[in-house]
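Got a predicted structure here, sequence first:
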Amino acid sequence: MTTQSVTQKPGGDGSEPRIGVYVCHCGLNIAQSVNCPQVAATAADADGVVLSKDIPYACSEPGQHQIKQDILDNRLDRVVIASCSPRLHEPTFKQMVQSVGLNPYMMEMANLREQCSWVHMKDVDNATRKAETLVDMAIARVRHLQPLTGDTLPLTKRTLVIGGGIAGIQAALDLADSGYYVTLVEKQPSIGGVMAQLDKTFPTMDCSI
Amino acid sequence: MTDAGRHPRIKLLTLSEVVDVKGYVGNFDVKIIKRAKYVDEAACTSCGECSKVCPVVRPDEFNIGLASRRAIYSPFPQAVPSSYLINIKECLGHNPAVCSKCVDVCDKQCINFHMSDEELVERVGTIIVATGLKPYDPTELDEYGYTRFENVLTSLEFERLVNAGGPSQGELVRPTDRRHPRSVGFVQCVGSRSARKGGSYCSNTCCMNTIKSTLVLKEHYPEMEVKVFYIDIRAFGKGFEELYARSRRLGVQFIRGLPGSVEETAARGLRVAVENSANGNLEFHDLDMLVLAQGMQPAPSTQRLQEMMGLQLTPDGFYLEAHPKLQPVDAATRGVFYAGCAEGPKDIKESVTQASAAAVRAIRLMHRGEITTEPITAEVSADKCTSCGICAQVCPYNAITVDKKSRQPAAVNSAACAGCGTCAAECSFDAITMNHYTDRQIMGQVDAMLQTAPESKILVFACNWCSYAGADYAGVSRLQYPANVHLVRVMCSGRVDEKFVWNGFRKGAPVVLVSGCHIGDCHYIDANHWTEKRINRIRKKMSKMGIRPERLQLEWISAAEGIRFAGKMTEMETIRRTVTGAEIEETIELLRNI
């Protein structure tokens, strides 16, 4: 996809930010307790918001495609995704905005699922009001975001495996067989762990060692 | 096991412990203590002559005390490495006047009493935590008589007795008279699924382990009477139901109910009293031997490693994965993975599966040979910096240097900065910008939240790794709490600047909560110590100014504590209800000029 049509406008240069807001239904996970179209409509009025939509599944292929197209068509320079916890899909949406030329740190998520719809399930009015505020907060934050770039550092291709029971042995062998160096640390004088003490093991009924 | 011992790319360190982990994904520096074995591992041929002459006899740990070993010994016949070692605490000492028998007979001359513990530092890119389990010790469950009656055994002791390499060469004998028992009973869920003693969780493997044992018994001793006392039999895995059916077919009796008491009868037999919940009868069963199917507990080293690496634990004490379904082998700390029972009780097949998964996750991270750092780091504005040195003092990573004498402004080593933001919060001169969590970004969120009806809202600052994750966990568990709670995510509670709190109150917040990882669990070593100090300081100021300090709360909530999170939110709402409109107005007035 082309990145030519997008001009990045970090805050502070005097130009107005161009924000896109997406309120995800997550099927019914969010939509059953939050009035998503209403949240999207409220967000449309906020400063700097160029476009605000509700969307069935933001993380789905069509969902991501639509957001990417909108970024290009509307020259959005930052995006708010109001969906699940950033602990789940932040990497997904970072990659999504990056693929159309935005800096991945110009995206902010509002947690409408784990911290709103799922915890206020029988309270649609208050959950919707809270969702509006959470989106508002995300818009306020995204407005001040700055593009950031990490450093690329050399990495040591060696793994430390702590514990020499069956799990540690298996992990060490898989890594070593794949060409990686492994340091396997075991507290006892021999590897084998509890498994080595067992006689036969289910379901195969063969010996453990 | 032998494959792991001789693999050219595996460096095997036994009798060794990890004592310190520094650095982060891609380049961890790990300090390991390798304890002295007093026998040259490479030279020892395991001939065993030393052991024969050693006069010190001690219980053999591998056989759980059912056999003995010498002070110089090999852990078990198939041990890897197979070399012998000396337990120096048991050894009579290398004083020739006392004993040096082993030295005399070792023709390879591999015994060396001058060996000492070694300290090694290894640089690694990734870490796999496979620390395993501790079998539950049934001593506290005295109703089963484990400490009182010799013929009551744990399942692991039973394993040693039926093992061909065990102390009885695989002959099942009673400890009291060395005779074959004619009847054996198994008690399930010992230390598992109990609210009272042991763990409340299912240990996952004991049902199938017992069924396996019943099959072994029926194979060797078809006439033996075998009984299993259980709550339910969990034979959920592939091929498991088949084994269960075979056990029943062979005449093993499954009695639904756990024994209430066990008493010894005249011939060292055991009388088991049980309420059979299948028929409601109180039954007595006379047995020659009783085996307690012990559950699994987290390995003793779990907490130490957890603190060392800033990992998270479930309330059961096992390691908590980054996501229960989608990242089941990843730790929340990038570059750290879990395998086996360290993450929760599991059988061999599941342990192997998870270990392979962890290996691939580690490879996925390492294969490119480079790693991109998170640009969430601190930056100093040289013009505002007064070289006071506070930032350097609070940085958990020693990533900031300040030369106070020459009044050079502070400098941040961005490769060492992990991004907690404590320096930015503690700087009194606004000279530090925390990228991606700037004052403007965070205050912007607070302002937006409190723009309308602030008196009805609860402002919560939550750290990414523990309390924000705890809030997510409350969501996943569908725990309901008041809908006026609004979270502001920061990487660490150490980032929560005094001015964020004042700003919240100035904008009309009735209550503010700062939440983070428990002390000792901080993802940024000990940054949350500064949070605690700061909150105490703010609360003192509040008292002086005449603002009720209860309106600012501090709570440690771990990633696994969804219930605690929801409970705290309900408590916050209770406090919020005590804050009147007049009180809020007064606070706004008091803070107008700060």
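Looks like it arrived, so ask away.

Check the gap between B:Gly546 and B:Leu591 for me.
Counting by C-beta to C-beta, to the nearest Å, the gap from B:Gly546 to B:Leu591 is 11 Å. Heads up, the C-betas are built off the backbone N, CA and C, glycines and all.

Which of the two has more residues huddled nearby?
Neighbours were counted for B:Gly546 and for B:Leu591 using other C-beta atoms under 10 Å in any protein chain shown; B:Leu591 has more, 16 against 9.

which residues sit in contact with that one?
Shown in contact with B:Leu591 (C-beta atoms under 8 Å, 6 or more residues apart in numbering or on different chains): B:502, B:505-506.

try B:Ala331
B:129, B:309, B:311-312, B:319, B:321-322, B:337-338.

Return the backbone torsion pair for the closest residue to chain B within chain A.
Nearest to chain B in chain A, going by C-beta to the nearest C-beta, is A:Ala167, at a distance of 2.6 Å. With angles defined as degrees, to the nearest 10, A:Ala167 sits at phi -70, psi -50.

next one: B:Ile32
B:Ile32 adopts backbone torsions of phi -120, psi 130, taken as degrees, to the nearest 10.

rewinding a little: pLDDT score for the spatially closest residue to the residue of chain A closest to chain B that is not a sequence neighbour?
Excluding the flanking residues, the one nearest A:Ala167 by C-beta to C-beta, 6 or more residues apart in numbering or on different chains is B:Gly340, at 2.6 Å. Per-residue confidence (pLDDT) for B:Gly340: 97.

Between the contacts of B:Ala331, which sits nearest chain A?
B:Val129 (5.3 Å).

Who is that closest one paired with across the strands?
Per DSSP bridges, the residues bridged to B:Val129 are A:Ile162, B:Tyr338.

Test my guess that it contacts B:Cys341.
No. The pair B:Val129 and B:Cys341 does not pass the contact test of C-beta atoms under 8 Å, sitting 10.9 Å apart.

Contacts only, for the residue of chain A closest to chain B.
The contact partners of A:Ala167, by C-beta under 8 Å, 6+ apart, come to B:130, B:132, B:339-342, B:351-352, B:354-355, B:358.

Ok, A:Arg113 next?
So A:Arg113 contacts A:26, A:29-30, A:83-85, B:475 (C-beta under 8 Å, 6+ apart).

Can I get these in JSON lines including secondary structure and pLDDT?
JSON lines is the format used below for those (DSSP: H, G, I helix; E, B strand; the rest coil; pLDDT from 0 to 100):
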{"residue": "A:Cys26", "secondary structure": "coil", "pLDDT": "97"}
{"residue": "A:Asn29", "secondary structure": "coil", "pLDDT": "97"}
{"residue": "A:Ile30", "secondary structure": "coil", "pLDDT": "97"}
{"residue": "A:Ser83", "secondary structure": "strand", "pLDDT": "98"}
{"residue": "A:Cys84", "secondary structure": "coil", "pLDDT": "97"}
{"residue": "A:Ser85", "secondary structure": "coil", "pLDDT": "97"}
{"residue": "B:Gly475", "secondary structure": "helix", "pLDDT": "97"}
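
For A:Met137, pull up the helix or strand it's in.
helix A:124-143 (DSSP states H and E).

Need the pLDDT of the residue lying closest to A:Phe202 once chain neighbours are set aside.
The shortest distance from A:Phe202 to any non-neighbouring residue, by C-beta to C-beta, 6+ apart, is to B:Lys212 (4.3 Å). With respect to pLDDT, B:Lys212 scores 96.

Name only those of the contacts of B:Leu591 that count as buried.
B:502, B:505-506 (16 or more other C-beta atoms under 10 Å in any protein chain shown).

out of these, who's nearest chain A?
Using C-beta to the nearest C-beta, the buried ones among the contacts of B:Leu591 come closest to chain A at B:Arg506, 16.4 Å.

so who does the closest one touch?
Contacts of B:Arg506 were listed using C-beta under 8 Å, 6+ apart, and they are B:587-588, B:591-592, B:594.

Also B:Gly48?
B:Gly48 neighbours (C-beta under 8 Å, 6+ apart): B:74, B:84.

And it, how far from chain A?
Using C-beta to the nearest C-beta, to the nearest Å, B:Gly48 is found at 15 Å from chain A.

And for B:Cys417?
Per C-beta to the nearest C-beta, B:Cys417 is found 11 Å from chain A.

ok, now which ones touch residue 142?
The chain I'm using is chain A. Counting by C-beta under 8 Å, 6+ apart, A:Val142 makes contact with A:17, A:19, A:78-80, A:106-108.

my bad, chain B
Going by C-beta under 8 Å, 6+ apart, B:Asp142 touches B:Arg148.

Distance-wise, check B:Arg539 relative to chain A.
Using C-beta to the nearest C-beta, we find B:Arg539 at a distance of 25 Å from chain A.

do B:Arg160 as well
To chain A, B:Arg160 is 7 Å away according to C-beta to the nearest C-beta.

now the helices: where do they sit in chain A?
A:36-44, A:61-73, A:86-99, A:124-143, A:166-177 (DSSP state H).

Most widely separated two among the contacts of A:Arg113?
A:Ser83 and B:Gly475 (12.6 Å; C-beta to C-beta).

Look at those two and report which has more neighbours.
Remark: of A:Ser83 and B:Gly475, A:Ser83 carries more neighbours, 27 against 24, as counted by other C-beta under 10 Å.
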